[in-house]
Every structure is written in C-alpha cells, then in structure tokens.
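>>> sequence below, structure please.
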Amino acid sequence: MSTTPAFHGVRFAFGTLTVLPVRVHRWDREAARGGMLCAPLAGLVVGASAAGLGLLLLFLGAAPLLAAVATAAVPAALTRGLHLDGLADTADGLGSGKPADEALRIMKQSDIGPFGVLTVVFVLLAQVAALAQLYSGSWARGALAAAVAATAARLALTLAARGGVPAARPEGLGAAVAGVVPAGAAAGAAVAVTVVATACGAVFGPYGAVRTAVAVLAALAAADLLLRHCVRRFGGVTGDVFGALAETSATVALVALTLGG
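Numbering: from 1, shown residues only. The predicted model follows:
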C-alpha cells in the first residue's frame, strides 16, 4: 500500500531532525518540502519530552536548576547534539573572518574552535538560566516555555527552507532542503504555530498570551537575522547553519519568556 506525501513529510521531519527510530524512505524535493513543513511538529515532540523530564524531576523534589539542566539536555540528546554542533561550526565559520570558501572549509572540520566553544557555552548557560527562572516561578510556565522554544526552533528551519534561500554547497542536508518550501506555505506555518502558542500562553492570562506570541516572533526575527547574515557570508545555507538557527531561536524564545515578570 502506498503512503501519502504528508506521511513521507512526517517521516522526513522526524528522521532527519530527531534520533527517534523513524526511517526516511524518500529524499526527493517533495518529501523534503513536507518534512520541513512538519519540522515544528518534530519540535513539539522534542519540547514536550524535555518539559516532561523537567516536570518529573521537580515532582520528585529536584531543584529548579537541576530540572532546567535536564530540560536543556533533552533536545541535545534527541538530536545527537547536531544542532549544537551546527551552532559551533557556524560560529567558527563566521568568526574566522575568512572568505566564503575558506569559512565553509573551517565549518566542515571535525574539531571545534574557540568561537564555537564560547558560543555553545553561553547559549546553554542562557537556556538553563532562563528555564531555571521559569521553573522557579511556575512549573507550568517552565514546561510551556520548553515546548514553545523547541517548536519555534524547528519553525525557524521551516522559514529558512523557503524559496529564494540558496544552498551554500551542492551536497548535504542544506542542499537537500534549501528553497523547498513555498514562501506562502512557510508564512502559513509561522502564523499557525504563533496562534497555537499564543492560545497556550493564554492559560496564564492575557499577558501570558502576549508574552508567548512575542517570544515566538522574537525567536523567528533573530533566526532570520542570522540566516540573512549567513547567506551573505557563505553564499547560502548549510546543515550547520540550520542547526545554528534552531539553537538561536530556542534561546531567544526562552529568554523572551522570562522577561516582564
């Protein structure tokens, strides 16, 4: 029995963006398009898993800081650290100040340079600090933040795969998904995720709804700024750039959710 394109898209999203045992059968542009449109769904599963572990530790008596560390560790574990690795490689490429070809070569090297190390350290510290603050104020707010941040992170990938964004290399994940999502579909996904996140934030009142919407929009804006900079510097996107976009947007969303009390 044949499967639908939507099913292949879901398999592509979970098979490439998580370590869950989902086998990708198709790597064509249609499957990639569906996969990138389903990326926020994969993010929701990752975020819900992270929130679940954090809540379990809090229920068992753990301190908010420990729960925050565990929550931040789950997305790294469920992606084999690929997004963090992409963040480090992108930071090394951008920080090198080299021309595009040399910067891309630096990004492909297996070692991590000082720019990459510092960037990963500060990003993880920011994520843990934000989650600890949120868990200290409200377990529910912390759990929602974990889910929203992970979903927004993968939504940033959907937008980065929109038409008109070129690939920096002819091979790799970046080339497989670059430009596969029509701009209208990417915008529709952004609106849908923002509306759902806002509705979830409304559980904490009107201000909670506004704060959640602002967090998602701020995350997407930060990711778009980084995307544009990377396209200018490297000539397009790579798999590493996608990882950097995910970690950047997740961090911005978490920080935004701590602001305003």
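>>> could you tell me which helix of this structure is the longest one?
Residue-count comparison of every helix in the chain, with assignments taken from DSSP state H, identifies helix 206-234 as the longest.
>>> could you give the separation of that one from the chain centroid?
A distance of 11 Å separates the centroid of the chain from that of helix 206-234, by Cα atoms, centre = their mean, to the nearest Å.
>>> give me the buried positions along that helix.
Of the residues in helix 206-234, those scored as buried under the neighbour-count criterion (16 or more other Cβ atoms under 10 Å) are 208-209, 211-220, 222-223, 226-227, 230-231, 233-234. Using the backbone N, CA and C atoms, a C-beta is placed for each residue, glycine as well.
>>> following the chain onward from it, which element is next?
helix 239-258 (DSSP states H and E).
>>> buried sites along that following helix?
For helix 239-258, the neighbour count (16+ other Cβ under 10 Å) marks 239-258 as buried.
>>> what does stretch 116-131 give?
So for stretch 116-131, counting by 16+ other Cβ under 10 Å, buried means 116, 119-120, 123-124, 126-131.
>>> now render these as CSV, adding pLDDT and secondary structure.
Output for the buried residues of stretch 116-131, formatted as CSV (pLDDT from 0 to 100; DSSP: H, G, I helix; E, B strand; the rest coil):
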residue, pLDDT, secondary structure
116, 95, helix
119, 97, helix
120, 97, helix
123, 98, helix
124, 98, helix
126, 98, helix
127, 98, helix
128, 98, helix
129, 98, helix
130, 98, helix
131, 98, helix
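>>> which one of those is nearest residue 6?
Of all the buried residues of stretch 116-131, residue 127 has the smallest distance to residue 6: 31.9 Å, by Cβ to Cβ.
>>> isn't the closest one right next to residue 72, touching?
Yes: using Cβ atoms under 8 Å, residue 127 makes contact with residue 72 at a distance of 4.7 Å.
>>> contact partners for residue 112?
85, 88-89, 92, 120 (Cβ atoms under 8 Å, 6 or more residues apart in numbering).
>>> which of those residues fall within helices?
Checking the contacts of residue 112 against DSSP H, those in helices are 85, 88-89, 92, 120.
>>> so how far is stretch 164-172 from its chain's centroid?
Relative to the centre of its chain, stretch 164-172 is centred 19 Å away, using Cα atoms, centre = their mean.
>>> hmm, I was thinking of stretch 125-145
Mean C-alpha position of stretch 125-145 versus that of the full chain (Cα atoms, centre = their mean) differs by 17 Å.
>>> tell me where the chain has helices.
Under DSSP H, the chain gives helices at 5-17, 29-37, 39-59, 64-78, 82-96, 100-108, 114-137, 139-160, 173-177, 183-201, 206-234, 239-258.
>>> run the angle between the longest helix of the chain and helix 239-258 for me.
Our comparison of helix 206-234 with helix 239-258, counting by axes from the mean of the first three to the mean of the last three Cα atoms, to 10 degrees, yields an angle of 150 degrees.
>>> any weak-confidence spans in the chain?
Confidence mapping of the chain against pLDDT under 70 gives the ranges 1-5, 261.
>>> quick one, the longest helix of the chain and helix 82-96 angle?
50 degrees.
>>> how about the residue lying closest to residue 179 once chain neighbours are set aside, what does it touch?
Counting by Cβ to Cβ, 6 or more residues apart in numbering, residue 179 lies nearest to residue 163, which is 5.0 Å off, once chain neighbours are set aside. Residues near residue 163 by Cβ under 8 Å, 6+ apart: 179-183.
>>> stretch 96-105: end-to-end distance?
Between the opening and closing residues of stretch 96-105 lies a distance of 11 Å (Cα to Cα, to the nearest Å).
>>> so for it, what gets flagged as buried?
When burial is assessed from 16+ other Cβ under 10 Å, stretch 96-105 yields the following buried residues: 96, 103-104.
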